[in-house]
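**Q** with the input below, show me the fold.
(2 chains)
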Amino acid sequence: MNIALEVKKMTMDFGGLRAIDNLDLDVKHGEIVALIGPNGAGKTTFFNCITGVYRPTRGDILIYPPDREQLRINGLKSNNVTEKGMARTFQNIRLFPNMTVLENVMIGRHCRTKSGVFSAIFRSRKTIHEENDIVEKSYNILEKIGIERFVNEFAKNLPYGVQRKLEIARALATDPFILLLDEPAAGMNPIEIKELDELIKKIRKQEKLSILLIEHHMSLVMNLSDRIFVMDYGRKIAQGTPDEIKSNKDVIKAYLGEDSDA
Amino acid sequence: MITIQEIKKSLIVSVWFMLLTFPIMVIRVNTVEKIVEWRWENMFFIGISVFFLSFLWRYLMKRKELEKKPDIGTWEISILQEIVKKPKILICCSCCLVLFALLLPFIFSFYQTNIITNALIYVMLGLGLNIVVGLAGLLDLGYVAFYAVGAYSYALLNHHFGLGFWSVLPVAAFLSAFFGILLGFPVLRLRGDYLAIVTLGFGEIIRLILENWNEFSFGPSGIANIKRPGLFGIQMSLETSIIYIYYLMLLIVIFTIFVVNRLQNSRVGRAWIALREDEIACQAMGIDKTKTKLTAFALGATWAGMAGAIFAAKTTFINPASFTFLESAMILSIVVLGGMGSIIGVIIASFILILTPEYLRAFSDYRMLIFGATMVIMMVFRPQGIIPNVRRTYKFSKSRIEN
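**A** As a prediction, the model looks like this:
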């Protein structure tokens, strides 16, 4: 399998605080990789660094789009990162509350479409075609995720679980080849988590994309991921398959603390 | 049922209001005869009316609470919104409106036509600011600066080079858009209150430059004898030209509505709304924040610039006093009162806010008082504006799209 995303020796400093220290990570095409770690380990900071919200202090972030050359994306703005094919969701849901569900997904199509101010005013055949295409694609994504019955609902009126799914739908609308999910199961009940598990597997299969997720629900992580990276205090403390991670001493120490008897 | 407690509450409120309005309603200093008049009867009237109004207030508040419970968060649907939804009624209504608008100068006097032209200018300003504030969510308190840029570009180009209205109109629009971008660049990183303060400052800078740079703008004395808009060189009397400007304004307003409506439901319009809703998410979804903000500023300013040029041509005299902060506040009130992002709301609000003071000249002393009270009442009972913006909905039947 080829590599889709490669992070080499990335360091992120906030003043004197080193939030991420020399982190190496890679995601292969079609793989589901989980990034876990105790609270405050720097997982979301890592996401923010690779999606262009922050500019990492040192290190390289490389992406390998399937049909293009490799790209170094350090310091790109987050909209450009999305355009290059890496889409994300947010830990604390960040939908557009006063837009309909469909419009939320349509926003995702923005970077794949072109019409500007003048074509909006004159509304040529090309623009109408593009507009219909946006609507159709967005609706198809809603169907795929299974939330099409909320299509004209305002995003703010949706149940919590549906809002989480809508975030994924919106990210999918940007045609990514890597999907970054920041705690997709946060606040969900066991049934919703099971649905999410199936949904993520389905997305990977249908869209043939790589998924990197941050998650705290261990059952979901162990079930879904091909490989797991574990972070603590900004450092990578372990990596490997779910079984390897389960029995890794450092990981158990990071989560449960040192055994006082030992 | 009215309880003793409620009566007690109302009594307290009415006494409070009697005290509050005592200095302005009761005491009157007669400067001619140098005596103080005590108008105690006013206090009595205020006490009585506030007593009853407080019951009405409480009743309305209660009703509002009750209304909220069944459908939390959904927009209240008024009769007007129903009309908007049904295309047949909408077409019928708009036909009647257009017919009325066309015949208006022949029904009403010149004075009234003039006032309505004035209101139409504010419709245009309101719709322009609606792009910036209502859609893109960038609180702009210095919008009048672009209005001034438009007005002065026509006035100065006409004064120095004798250019006509029609050739300057696009120039004014372009110049204002340029100033919009000029303001847009430094405020790209700002939002909310900070943005409001900077735009307020920008508005004041433009006004102060116009007031003090005598060689350029003729200072506070302004520019007089600006040419009225021409029509293929036909000589027009004052009255015909008033009617002409009215029709001109009507045409431009219809054009504005057309453009803003198209923009609202386009790719660009959606990007603006997304920007208003959540800046970080908007950028993470691949929208270029810089470009989107600058287009909003530039397009909003364009309409103000055109309105300014028309204003200069209509009044034939401009000076910086027409472009104070109060004007910006007025336009912003139109947008807020009408409903952020709603075209019909903005149109109705601008007619209400501009025409009411004209026709209620008898109450001109209390104008600001009534204005303030209206705003407070609106914000309490209908914070979403007269006609809240409705998002476009789509129907789907087996992957076929109907709008």
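
**Q** which residue sits closest to the residue nearest the centre of chain A in space, ignoring its chain neighbours?
**A** Note on chain A: the residue nearest the mean C-alpha position is A:Leu180, at 1.5 Å, using C-alpha atoms, centre = their mean. Leaving aside its sequence neighbours, A:Leu180 sits nearest to A:Arg88 (C-beta to C-beta, 6 or more residues apart in numbering or on different chains; 4.0 Å). Just so you know, the C-beta spots here come from the backbone N, C-alpha and C atoms, and that holds for glycine as well.

**Q** quick one on the thing from earlier: so which residues make contact with the host helix or strand of the residue nearest to the centre of chain A?
**A** If you go by DSSP states H and E, A:Leu180 is part of strand A:178-182. Residues from elsewhere that reach strand A:178-182 (C-beta atoms under 8 Å, 6 or more residues apart in numbering or on different chains): A:4-5, A:27, A:43-44, A:47, A:50-51, A:63, A:85-91, A:168, A:171-172, A:200, A:203, A:209-215.

**Q** drop anything exposed from these.
**A** A:4-5, A:27, A:43-44, A:47, A:50-51, A:63, A:85-90, A:168, A:171-172, A:200, A:203, A:209-215 (16 or more other C-beta atoms under 10 Å in any protein chain shown).

**Q** just checking, A:Glu183 touches A:Val221?
**A** No. A:Glu183 lies out of contact with A:Val221 (C-beta atoms under 8 Å); the separation is 10.9 Å.

**Q** common neighbours of the two, please.
**A** Taking C-beta under 8 Å, 6+ apart as the contact rule, A:Glu183 and A:Val221 both touch A:Glu215.

**Q** tell me which parts of chain B are close to chain A?
**A** Residues of chain B lying close to chain A (C-beta under 8 Å from any C-beta of the partner chain) are B:73-74, B:259, B:262-263, B:266-271, B:273-274, B:277-278, B:280-289, B:295, B:299, B:391-394, B:396, B:399, B:401.

**Q** mind redoing it with 6 Å?
**A** Residues of chain B lying close to chain A (C-beta under 6 Å from any C-beta of the partner chain) are B:73, B:259, B:262-263, B:266-268, B:270-271, B:273-274, B:277-278, B:281, B:283-288, B:391, B:393, B:396, B:401.

**Q** now, the residues you listed that are in helices?
**A** B:259, B:262-263, B:267-268, B:270-271, B:273-274, B:277, B:281, B:283-284 (DSSP state H).

**Q** run through the stretch 251-400 of chain B and note the low-pLDDT ranges.
**A** Confidence mapping of the stretch 251-400 of chain B against pLDDT under 70 gives the ranges B:397-400.

**Q** what about A:Gly108, which helix or strand?
**A** With DSSP H and E as the test, A:Gly108 turns up in helix A:101-108.

**Q** could you pull out the strands in the chain for me?
**A** You didn't pick a chain, so chain A it is. Remark: strands assigned in chain A by DSSP state E are A:3-14, A:17-28, A:32-36, A:58-63, A:71-72, A:86-88, A:178-182, A:210-214, A:227-232, A:235-240.

**Q** ah, I was thinking of chain B
**A** For chain B, strands defined by DSSP E occupy the ranges B:27-30, B:35-38, B:395-397, B:400-402.

**Q** by contact count, what packs against the first one?
**A** The one in question is strand B:27-30. Where contact means 3 or more C-beta pairs under 6 Å, 6 or more residues apart in numbering or on different chains; DSSP states H and E, strand B:27-30 is packed against strand B:35-38.

**Q** distance of A:His216 from chain B?
**A** Computed as C-beta to the nearest C-beta, to the nearest Å, the A:His216 to chain B distance reads 22 Å.

**Q** can you report how many residues lie near the closest residue to that residue other than its chain neighbours?
**A** In space, and not counting its chain neighbours, A:His216 is closest to A:Glu183: 6.6 Å by C-beta to C-beta, 6+ apart. Counted with other C-beta atoms under 10 Å in any protein chain shown, the neighbours of A:Glu183 add up to 20.

**Q** pull the contacting residues for A:Glu183.
**A** A:Gln91, A:Ile214, A:Glu215 (C-beta atoms under 6 Å, 6 or more residues apart in numbering or on different chains).

**Q** buried residues of the helix ranked longest in chain A, list them for me.
**A** Criterion DSSP H: the longest helix present in chain A is helix A:125-145. Across helix A:125-145, burial judged by 16+ other C-beta under 10 Å covers A:Thr127, A:Glu130, A:Glu131, A:Ile134, A:Val135, A:Lys137, A:Ser138, A:Tyr139, A:Ile141, A:Leu142, A:Lys144, A:Ile145.

**Q** adding distance to B:Ile331 and pLDDT, write the residues you listed out as JSON lines.
**A** Output for the buried residues of helix A:125-145, formatted as JSON lines (distance: C-beta to C-beta, whole Å; pLDDT from 0 to 100):
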{"residue": "A:Thr127", "distance to B:Ile331": "30", "pLDDT": "87"}
{"residue": "A:Glu130", "distance to B:Ile331": "34", "pLDDT": "89"}
{"residue": "A:Glu131", "distance to B:Ile331": "31", "pLDDT": "88"}
{"residue": "A:Ile134", "distance to B:Ile331": "33", "pLDDT": "90"}
{"residue": "A:Val135", "distance to B:Ile331": "34", "pLDDT": "90"}
{"residue": "A:Lys137", "distance to B:Ile331": "38", "pLDDT": "90"}
{"residue": "A:Ser138", "distance to B:Ile331": "35", "pLDDT": "91"}
{"residue": "A:Tyr139", "distance to B:Ile331": "38", "pLDDT": "91"}
{"residue": "A:Ile141", "distance to B:Ile331": "40", "pLDDT": "91"}
{"residue": "A:Leu142", "distance to B:Ile331": "39", "pLDDT": "91"}
{"residue": "A:Lys144", "distance to B:Ile331": "45", "pLDDT": "89"}
{"residue": "A:Ile145", "distance to B:Ile331": "42", "pLDDT": "89"}
